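> Task: produce atomic coordinates for the following.
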Amino acid sequence: MGRMGAVSMQPEPWAEPDPQVAAAIRAIYRRKAFPLAVQVRDMLGEVFPDEQFLDLFGVRGKPGYSPGRLALVSVLQATERLTDRQAAERVASDLGWKYALGLTLDDPGFDFSVLSEFRTRVVAGGREQLVLDLLLAALVDKGLVKAGGKQRTDSTHVVSAVRDLNRLELAGESVRAAVEAVVVAVPGWFQTVFDVPGWSGRYGRRIDTWRLPTAQTKRDQLAVDYGTDGHALIEAVYSPAAMVWLRDLAAVQALRIVLLQNYLVTVDKQGRQVIRMRDADRDGLPPAPLRVASPYDLDTRWAAKGDDLFWNGYKVHISETCEDTSPQPEPGVRRVDSPNVITNVVTTDATVPDVVVVEAVHWDLATRELAPGEHFLDSGYASADGVLAARVAGIDMVTPLLADTSAQAKAGAGYDRASFVFDFDAAAATCPQGKVSASWNPVVQDGKPKVVVTFARADCIPCPVRELCTTSKAMRRQLTVPPREVHGLQQANRAAQKDKDWQARYTVRAGVEGTINQAVDLGIRRARYRGIEKTRLQHVFIACAINLIRLNAYWNGHMLDRTRTSHIGRLELALAA
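Sure, this is the predicted structure:
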């Protein structure tokens, strides 16, 4: 492709499959199912037209390789977890890929670096979702996916493509990265300002804990040295004697952020500058969503889930259709269910809670005109406000709302909030003993409207069951209640969750775990690239790859297992077919 700004593109339809390639494929697969790439071309045609990528290219410059073909190569690459070099070799040598791309038998393909440049161009244009949009549009035309049905969503963690660093390693590596960038950008400038041998001794090799001193006093001094060197480098870069554009180097900006987040600069009684690393308990650190974890990827974040999962990276949310399986056909007739199609992928940093993503998922699906009628999610995505907002959009969120978190509810003994009767019209609540609240105060907590209900001490102190109701030192019960609509929804939802019909209906959500496992097999839990934009593009390619794998099975008449099937069960199905 060449340089980003020196490549043009003239969109043109893909050539029909070369007759020689087509004849060879028919001969090779005469009694076997056609490979995935061949099926994609036969069933979907030119699924990624060049003109859809026109805005990513200039009008002048050397003509670039067909972006539509590169998009298909990227998706086929994801189906087999190939490297760029391996994918480029497949384009040059694999008959199925040549057939899908409309290439002649002697077409040499392209250099593998073209794939990296293509991804960079897509990310620079903010079009990470384009490939999935185009594939879904083609499937809508084929009647394989539509709005208004059932869909489900779940998430999984994604480990970043950079090394995990503790705070000492982060400080040292940030200085080292900035030094490397400056030395490369302006050869000859660094040695006019700093003592090269001294800096080379500290930053000549990457910073690793196993190379650092084990004594805590020496590690503390090293932390000070990193901070002092880092501030000295920043001061030099920002001095009038330095080139202004040095300040814009990504590694220099990363160093500035790391220093601000991890170091304090003070002045002692003698007026001398003192640089020290922040103590987490005494000085505080930025919240996790803002805290830089690596100078090489400013988007990656540390996060934890439960007691056993702690990772540095991102989180990906996958949505797919989950329609009911077709009725059982007549004996001896093989049933082939239509495939579940991935309709949306959302990639966030690791610290973003699932509940925050729901609105974005619904927006993306509505934009594609694929909003579901029923959306099945686990409790991590659930909030009463979110369920109500989804209803306004015509989406029924089937999800268990979080249970009452009061001490009484957690203990399963005593009077929790469900034991009280709330009359929003009369602005009063009645306790299980028949006492009416003394006050009803509308408030705003955490930006949301609430009602604080308080009972009178005169009623609570002599109450014979007070210990079942409250252990407050104020000797009276106080409850916080959401607005009427939210309260009613919570009560109805928590009651419905106990119903066997609701539980049976909700079992469809569990199937998304299989999709997560399939995505994991294709490498979705480990980022191949640095930065959230390219990681998001990787996830889109994997989502498209899963869709094509499922469609290939569907087109070839293979049953799609909804659950694990025993070997004897498979034998029975094979005999029936």
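
> Residues in a beta bridge with the residue lying closest to residue 445 once chain neighbours are set aside, which ones?
Nearest residue to residue 445 in three dimensions, chain neighbours excluded: residue 480, at 7.1 Å (C-beta to C-beta, 6 or more residues apart in numbering). Placement of C-beta: from N, CA and C, glycine included. On the basis of DSSP bridges, residue 480 is bridged to residue 452.

> My guess is residue 480 contacts residue 450. True?
Yes - contact criterion C-beta atoms under 8 Å: residue 480 and residue 450 qualify, at 5.3 Å.

> Between the two, tell me which one has more neighbours.
residue 450 (16 against 13; other C-beta atoms under 10 Å).

> Helices along the stretch 301-450 of the chain, start to end?
354-367, 384-392, 407-411 (DSSP state H, counting those that start in this stretch).

> Deepest in the core, which of the ones you listed is it.
Of those, the one with the most neighbours on average (mean count of other C-beta atoms under 10 Å) is helix 354-367, at a mean of 18.

> contacting residues around that helix?
129, 147, 151, 153, 155, 317, 319, 343-344, 346, 348, 371-372, 375, 377-378, 380-383, 386, 389-390, 393, 395, 397 (C-beta atoms under 8 Å, 6 or more residues apart in numbering).

> and these, which are buried?
Buried members of these, counted by 16 or more other C-beta atoms under 10 Å: 129, 147, 151, 153, 155, 317, 319, 343-344, 346, 348, 371-372, 375, 377-378, 381-383, 386, 390, 395, 397.

> Relative to residue 443, how far out is residue 454?
Per C-beta to C-beta, to the nearest Å, residue 454 is found 12 Å from residue 443.

> what about these two, which has more around it?
The neighbour comparison of residue 454 against residue 443 (other C-beta under 10 Å) goes to residue 454, with 17 against 10.

> The more buried one reaches residue 438, doesn't it?
Yes - with contact defined as C-beta under 8 Å, residue 454 reaches residue 438; the gap is 5.7 Å.

> re earlier: could you tell me which of the contacts of helix 354-367 are located in strands?
Assigned to strands by DSSP state E, the following of the contacts of helix 354-367 qualify: 151, 153, 155, 317, 319, 343-344, 346, 348, 375, 397.

> Remind me what the strand or helix carrying residue 514 packs against, helices and strands.
Per DSSP states H and E, residue 514 falls inside helix 512-521. For helix 512-521, the packing partners by 3 or more C-beta pairs under 8 Å, 6 or more residues apart in numbering; DSSP states H and E come out as strand 150-159, strand 309-321, helix 532-555.

> Format these as a markdown table; extra columns: mean pLDDT.
Below are the helices and strands packed on helix 512-521 laid out as a markdown table (pLDDT from 0 to 100):
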| stretch | mean pLDDT |
| --- | --- |
| strand 150-159 | 96 |
| strand 309-321 | 96 |
| helix 532-555 | 96 |
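
> I'd like those as JSON lines, with distance to residue 259 appended.
Output for the helices and strands packed on helix 512-521, formatted as JSON lines (distance: least, C-beta to C-beta, whole Å):
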{"stretch": "strand 150-159", "distance to residue 259": "26"}
{"stretch": "strand 309-321", "distance to residue 259": "20"}
{"stretch": "helix 532-555", "distance to residue 259": "23"}
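
> so where's the stretch 51-200 of the chain shaky on pLDDT?
58-61 (pLDDT under 70).

> Give me the distance between the nearest residue to residue 395 once chain neighbours are set aside and residue 504.
For residue 395, ignoring the flanking residues on the chain, the nearest one in space by C-beta to C-beta, 6+ apart is residue 375 at 5.4 Å. Distance from residue 375 to residue 504, counting by C-beta to C-beta: 17 Å.

> go on, residue 450?
For residue 450, the distance to residue 504 - C-beta to C-beta - is 34 Å.

> next one: residue 226
Look at residue 226 and residue 504: by C-beta to C-beta, they are 59 Å apart.
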